[in-house]
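Undergrad: Test case, fold it:
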Amino acid sequence: MTIETRLIEYTHNGTLLEGLLARDTQQQGHRPGVLVAPAWNGRSELTDGVASRLAGLGYAAFALDMYGKGVVPANREECATLSHAQSHDRRHLQARMHAALDTLRAQAEVDTARVAAVGYCFGGLCVLDLARSGADMAGVVSFHGLLRPTPHPNAPIRASVLALHGYDDPMAPPDQLHNFQQEMTAAQADWQVVAFGGTMHAFTNPEANDPDFGTVYQPRADERSWRMATGFLAEVLG
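TA: Alright, predicted model coming up:
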C-alpha cells in the first residue's frame, strides 16, 4: 500500500478553495470516493489524516475546504465567525458542498457512481445538508455533527444517513436529536442514529479537553464510531 496525496484547487461562488485527495497508488482502476468535511477549524491535519485512513481502506478520499485557500482560523472566535458565515445561508452551504462533490467526482481515480461523505462537528452539519439537498450519493456519516434542520424545505433524501452522536453533546441536546430523527423519518430516509452514553461533543478529537465548553475526547466512542462508519461505508459503497 502506498498512500499519496495531492492538493486540488477548485472554486465556488468566486472563492478559491483547496482540498486534499488521498488514494492508494498501488490500487488499479476506479475506486469509490468519499468526501471528508472538517470541523469548524477548517481543513487540518486531522481531516487530512481521516482522508489518508480512508485511502488505506480502498477509497479515494477528498478532504474538502469550506472557507477558502489558506484561510485558517486562529482561535475559537474565528472558528465561530467563519462557520457561522457559512451556515447562516444553508442554500449557500449546500452549494459549496456540491462544489466539493463535483470536484471529487471529476478525479480520474473515482468511480462517480459510488460516492459518500463523512463530516465532523460543523462538517457533520455539512454532510447532512448535502443529503438534505437531494444529492445523488450513496450515504453520509455525521460524527458529533450539528443536527439543526434547514429553514427551507428539503429535497427528497437519496443518501443513506448515519449519525454518530454523543448523548451528552450540549451543541446537539436530546431534543434536537429527537427532532432530527423525526425529520429523517418524515423524509422517509434510510437513517440510523447511534448515541454514545457519557459522551460529549468532539469525541473523536484527541485534543478536545474542555468539559465546560462541551468538547471532550472519548477514546471508546472514537474507536466504536470509526468501526461503525467504515462498516456503513462498506455497505453503501459496495
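Undergrad: Would you mind giving both backbone torsions of the closest residue in space to Val140 that isn't next to it in sequence?
TA: Once flanking residues are discounted, Val140 sits nearest to Val127: 4.2 Å by CB to CB, 6 or more residues apart in numbering. In short, each C-beta sits where N, CA and C put it, glycine included. Main-chain dihedrals, Val127, degrees, to the nearest 10: phi -70, psi -30.
Undergrad: Just say helix, strand or coil for Asp48.
TA: Following DSSP: H, G, I helix; E, B strand; the rest coil, Asp48 is assigned to helix.
Undergrad: Just give me the residue closest to the centre of the chain.
TA: Geometric centre of the chain, nearest residue: Gly119, 1.5 Å, by CA atoms, centre = their mean.
Undergrad: Could you give the number of residues near Gly56?
TA: Neighbour count for Gly56, taken as other CB atoms under 10 Å: 14.
Undergrad: That one contacts Glu4, correct?
TA: No. Gly56 is beyond contact range of Glu4, at 11.6 Å (criterion: CB atoms under 8 Å).
Undergrad: Find the residues that touch each one of the two.
TA: Residues touching both Gly56 and Glu4 (CB atoms under 8 Å, 6 or more residues apart in numbering) are Asp24.
Undergrad: Name the residues of the longest helix along the chain that come out as buried.
TA: The longest helix of the chain (DSSP state H) is helix 219-237. Residues 221-222, 224-225, 228-230, 232-233, 236-237 are the ones in helix 219-237 that count as buried (16 or more other CB atoms under 10 Å).
Undergrad: How about stretch 198-212?
TA: Within stretch 198-212, the residues scored as buried using 16+ other CB under 10 Å are 199-205, 208.
Undergrad: What's the end-to-end length of that stretch?
TA: One end of stretch 198-212 to the other measures 15 Å (CA to CA, to the nearest Å).
Undergrad: Please state the mean pLDDT value computed over that stretch.
TA: Averaging the model's pLDDT scores along stretch 198-212 yields 97.
Undergrad: can you list the residues that contact that stretch?
TA: Residues from elsewhere that reach stretch 198-212, judged by CB under 8 Å, 6+ apart: 39, 46, 120-121, 143-144, 166-172, 196, 214-218, 221-222, 225-226.
Undergrad: When you filter those residues down to buried only, what's left?
TA: Using 16+ other CB under 10 Å as the burial test, the contacts of stretch 198-212 include 39, 46, 120-121, 143-144, 166-169, 171-172, 196, 214-218, 221-222, 225 as buried.
Undergrad: So which of these sit within strands?
TA: Using DSSP state E, the subset of the buried ones among the contacts of stretch 198-212 located in strands is 120, 143, 166, 196, 215-216.
Undergrad: Turn these into TSV, including distance to Gln86.
TA: Listed next are those as TSV, based on distance: CB to CB, whole Å:
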residue	distance to Gln86
Tyr120	15
Phe143	18
Gly166	23
Phe196	27
Thr215	20
Val216	25
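Undergrad: if we take these, which one ends up nearest to Met184?
TA: Phe143 (16.7 Å; CB to CB).
Undergrad: That closest one and Leu128, how far apart?
TA: Distance, Phe143 to Leu128, using CB to CB, to the nearest Å: 11 Å.
Undergrad: what's the overlap in contacts for the two?
TA: What both Phe143 and Leu128 touch, as defined by CB under 8 Å, 6+ apart, is the set Gly119.
Undergrad: residue contacts, Cys79?
TA: Cys79 neighbours (CB under 8 Å, 6+ apart): 40-42, 73.
Undergrad: Can you select the buried ones among these for me in PyMOL?
TA: Those of the contacts of Cys79 that count as buried under 16+ other CB under 10 Å are selected in PyMOL with:
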select buried, resi 40+41+42+73
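Undergrad: between the contacts of Cys79, which is nearest Asp102?
TA: Gly42 (20.1 Å).
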